[in-house]
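**Student:** Got a predicted model here, sequence first, then my questions.
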Amino acid sequence: MKKFIRKVAWFLLPIVVLAYPIDYFLSTNLKKSKQYAEGEYLVWNDIYDGRIDAGIAIYGSSRAWHHFDTQIIEDSLHATAYNFGIDAHNFWLEYLRHKEYLEHNKKPKLILLSVDVFSLEKKPELINADQFLPYMFKKDVREFTSSYEGFSWFDYRLPLLRYYGKTEVMLRAVKNAAGMDRGAPARVKGYMGVKRKWNSDMDMAKQRKKHYRLNLDSASIRLFGTFLAECRNNGIPVVIVYSPEYIEGQHFTQNREEGMDLYRSFSQQYKVPFLDYSADTMCTQKEYFYNATHLNRDGADLFTRKLVTDLKNKVPALLPSHP
Amino acid sequence: MLFNSIIFAFFLPAVFCLYWFVFHKSLRLQNALLLAASYFFYGWWDWRFLFLLLFSTLLDFFTGARMAASRTTATRKFWLWLSIITNVGFLGVFKYYDFFITSFTEALARTGLHIHPGLLNVILPVGISFYTFHGLSYVIDVYNKRIPAERNFVDYAVFVSFFPLLVAGPIERATHLLPQIKAKRVFDYTRAADGLKQILWGLVKKIVIADQCAYYTEMIFAHSASYGGSTLVLGVVLFTFQIYGDFSGYSDIAIGTARLFGIDLLRNFAYPFFSRDIAEYWRRWHISLTTWFRDYLYIPLGGSRGGTWMRVRNTFIVFLISGLWHGANWTYIVWGGLNALFMLPLLLTGKQRIHLDTVAQGRVWPTLRETGAMLLTFALAVFAFIFFRAESMHHAWSYLAGIFSPSLLSVPYFPGVGKMPFLLLLIALFMLAEWQGREYHHALARLGATWKRPVRYALYYGLLIAIFCLGSDKTQQFIYFQF
């Protein structure tokens, strides 16, 4: 028996010893990806490396990521800006970014919080889970992502295990180590415009379901309130923005008003401005969208210009460039 | 709990250490530990079905005891049939009720009579077909006085629910397993080391071969109408490797795990793709089920004793019921029937037992004739697997029609076809490893056995790296769990 245990231990020893350095190698090099995982590593790296010094921080989902052109905002408002939009996720993980951002960087002077009817829903699956791989031993990342289906208890605690079966990811890390990732960064200060024309997403959604019914998540709603209260206590002004949504998409969500009412009530309760573009003329112009919820680059360009004008006119006192 | 899950990688060493270090002084405690571990293993999947397992175990234990206490044959027969009817009744309710009702309703509808009986739509408790057959083998053997009735409930419960074999076999016999459970086990280094190798090889079969094939077979079978004949042929060939890798991989892990606890389970696969005719194939494929049906169905039906006609009839009955055992779908029954049909020429000519040895025994390579025979047998197995894998009879027919179309001669094309050479290379290497080990219980028993330790360890590390890199990041269930 002793011989058996000894031999098994000797056999496993190199695996245990090498697991940490291999994990470190993979994680360090995976983080260098400029385009993989929708370019989210660029944002996470900027956050954890404390490189963000933004006067205006833009929070939200893919709608924030694709709609708020940081360059236009910076040029028009004469303030630095950074887009933290996280693809396919609701407020739950947007808050994680906010938390990590404040912990490692200077706080912003203004937060533009992009919302949509899905912001207070919570999907069970951890979409684009690979973006978290290099950062999974961080306590907050574990706390906020572990409530999704995606990683096991062991993945957060043992080295290398979370890379199991992720051949593509591992190859990418090796390529990055060899300096073979020569693509341009997917995001500039977090923003990425999408040069696409109207696609079939809406038709496919209609084929699957006649209508979409919102299923609001009470934990996300509570977190939203906590966030607004925290910002108020920290002296960070917030403007809630509902960027344009194509009219067909607005009608598709059966209980859309339920979500909108929540934002209105949060706006009143915490006295934060709410700029709602649901009735903007853009919402009936298909050429500005590539699907019902996302503007294309032309749409994002026009919307950002409208937004900065509105910010100047409606909430000038909140702007960082305000004397 | 799945063998290929991370939780099992912690569960197994924990039970192993408790078994050999904490409870090693008492056989009773060791068996109690095995029972508790087995129930934990099963309950991890769905604890509610533990009650069904417990009921089935109690039923067979009790009826076995009653049979042993009975003085008359009639009473013994009563207890035997009570057990058989209850066990088969459970299987019938959970597995076949909806199927028979739907088939009956459809048959009536063809005569113009429309009825709408309620369906149960219950989840099939995992492993029910396996542990029911364990229990049945026990009561039949007690009835036939092949073994005495077990008096210790814990020992009997371990026999039924020993975790390595609980959910997908091998289907054990009380005559083989119970004496091992009742005997003091001594740790045997060679046996345990070989068990670890068999576990490793089983994981390779499951993760490197079966799961890799599964990606393509699922895609090709799900969208079979969109693909050409050659792609459909490739799809079913890959499915054949998938199911072999999946099920024989599971059996290897089960057998290897049991060996760590000093228990030998029945062999379940013996390189079936190196069979020279379909009869040999069935002596090498899912051996524990084939021999179960032979002993508890074929022989009681008269076996071969009544001449050729009786042999043919009984073979067809066994194969059809074996098909039905796999699932409540006509496709499985047709799969069974096809295999019986393939056996027919051998049965009629009395040549069903001419290949009892291992192919190319003592030689490196097979002869041309042997190669041809193996390829033909493989082709027959592949053909039958179209029905096994298809969702319905309609799907199977349309799949066949797709194969036998002009596109049969086209180059296979489907999303991800560029990665196919890599998968085919993996399969070729796997089959080479299997070929060199065909005279052993598993391929790793020979592969590397005579190599120097560093080279041998390099092989094991290489296999572990292959498992790590090629594994699916979503744990894949074993196919036979659904049966």
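**Tutor:** Arrived safely.
**Student:** What mean pLDDT does stretch B:22-29 get?
**Tutor:** In this model, stretch B:22-29 has an average pLDDT of 94.
**Student:** what comes up buried for it?
**Tutor:** Neighbour-count burial for stretch B:22-29 flags B:23, B:24 (criterion: 16 or more other Cβ atoms under 10 Å in any protein chain shown). No exception for glycine: its C-beta is placed from N, CA and C like everyone else's.
**Student:** hmm, who's touching that stretch?
**Tutor:** With contacts defined as Cβ atoms under 8 Å, 6 or more residues apart in numbering or on different chains, stretch B:22-29 is touched by B:30, B:32, B:33, B:154, B:182, B:183, B:184, B:185, B:187.
**Student:** Local confidence estimate at residue 68?
**Tutor:** Going with chain A. Residue A:68 carries a pLDDT value of 96.
**Student:** Chain B, not that one
**Tutor:** Residue B:68 carries a pLDDT value of 92.
**Student:** Show me where the stretch 51-200 of chain A has its helices.
**Tutor:** A:62-67, A:70-77, A:91-104, A:139-145, A:167-177 (DSSP state H, counting those that start in this stretch).
**Student:** Mean neighbour count, those helices: which tops it?
**Tutor:** Of all those, helix A:62-67 carries the top mean neighbour count, a mean of 26, counting by mean count of other Cβ atoms under 10 Å in any protein chain shown.
**Student:** Backbone dihedrals for the most far-flung residue of chain B relative to its centre, please?
**Tutor:** Ranked by distance from the centre of chain B (Cα atoms, centre = their mean), the top residue is residue B:112, with 40.7 Å. When read as degrees, to the nearest 10, the backbone of residue B:112 gives phi 90, psi 0.
**Student:** Report the contact partners of it.
**Tutor:** Contact analysis of residue B:112 by Cβ under 8 Å, 6+ apart lists nothing.
**Student:** for residue B:330, same thing?
**Tutor:** Contact partners of residue B:330, counting by Cβ under 8 Å, 6+ apart, are B:103, B:392, B:393.
**Student:** Tell me the one among these nearest to chain A.
**Tutor:** residue B:392 (23.6 Å; Cβ to the nearest Cβ).
**Student:** right, and that closest one touches residue B:329 too?
**Tutor:** Yes. Taking Cβ atoms under 8 Å as the definition, residue B:392 is a contact partner of residue B:329 at 7.2 Å.
**Student:** follow-up on the earlier one: now, among the contacts of stretch B:22-29, which is nearest to chain A?
**Tutor:** Chain A lies nearest to residue B:187 out of the contacts of stretch B:22-29, by Cβ to the nearest Cβ, at 4.8 Å.
**Student:** pretty sure that closest one is touching residue A:4, no?
**Tutor:** Yes. Using Cβ under 8 Å, residue B:187 is in contact with residue A:4, at 7.4 Å.
**Student:** which parts of the stretch 151-300 of chain B sit against chain A?
**Tutor:** Within the stretch 151-300 of chain B, the positions near chain A by Cβ under 8 Å from any Cβ of the partner chain are B:187, B:189, B:192, B:193, B:196.
**Student:** Can you select the buried ones among the residues you listed for me in PyMOL?
**Tutor:** For anyone working in PyMOL, the buried entries among those, judged by 16+ other Cβ under 10 Å, can be selected with:
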select buried, chain B and resi 192+193+196
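**Student:** Output the residues of the stretch 151-300 of chain B next to chain A as JSON lines; include the columns secondary structure and pLDDT.
**Tutor:** Converted to JSON lines, these look like this (DSSP: H, G, I helix; E, B strand; the rest coil; pLDDT from 0 to 100):
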{"residue": "B:187", "secondary structure": "coil", "pLDDT": "95"}
{"residue": "B:189", "secondary structure": "helix", "pLDDT": "95"}
{"residue": "B:192", "secondary structure": "helix", "pLDDT": "96"}
{"residue": "B:193", "secondary structure": "helix", "pLDDT": "95"}
{"residue": "B:196", "secondary structure": "helix", "pLDDT": "96"}
